[in-house]
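Colleague: Coordinates for the following, if possible.
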Amino acid sequence: MTYTQLAVVAVVAVVALDLAIVRTNLLRRMAFWTSYAIILGFQLLTNAVLAGTGTVRYDGADILGSSIAPGASPPFLGAGRIAYAPVEDVLFGFALVLLTLVLWVAWGRRGCQRTPYAGPPRVTRFTPPRSRDGAAR
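Modeller: This is a model prediction of the structure:
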């Protein structure tokens, strides 16, 4: 499979997980889209640094916009790229963020956290051990 195909499959699978399987419906919430916009800004910044400086390189046959000559600098925008990185990076980033939040919400609903109670920790009073006759030692 190409990078493009993997990215599309990842997005479709996680969207199905959110809407049909686990039914957290995060994609229908404005809070998700607001937080994702913030995350996307930092993802594009990171991609611009890594792909724009040549630290990370992509095989043109496996991504959209493969018309870039080997060894040439990728464009900042266009030819299947956003902030020097391929569109597939944005798709994978979306799938990873959504998957993480879907699991977080689903596990939280099931009470999978260490302490299932919200708020400050409970204070337990120390009770001294008692002797057999019931008197404190």
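
Colleague: So what's the gap between the helix or strand hosting Ala37 and the chain middle?
Modeller: Counting by DSSP states H and E, the element that carries Ala37 is helix 30-52. Taking the mean C-alpha point of helix 30-52 and that of its whole chain, the gap between them comes to 11 Å (Cα atoms, centre = their mean, to the nearest Å).

Colleague: Next, the residue nearest the centre of the chain: secondary structure please.
Modeller: The central residue of the chain, meaning the one whose C-alpha is nearest the mean C-alpha position (Cα atoms, centre = their mean), is Val97 at 1.9 Å. Secondary structure, DSSP: H, G, I helix; E, B strand; the rest coil: Val97 is helix.

Colleague: Isn't it up against Tyr36?
Modeller: Yes: counting by Cβ atoms under 8 Å, Tyr36 is a contact partner of Val97 at 6.2 Å. All C-beta spots, glycine's among them, are computed from the backbone N, C-alpha and C.

Colleague: In this protein, mark out all the strands, start to finish.
Modeller: Applying DSSP state E to the chain gives strands spanning 77-78, 81-82, 85-86.
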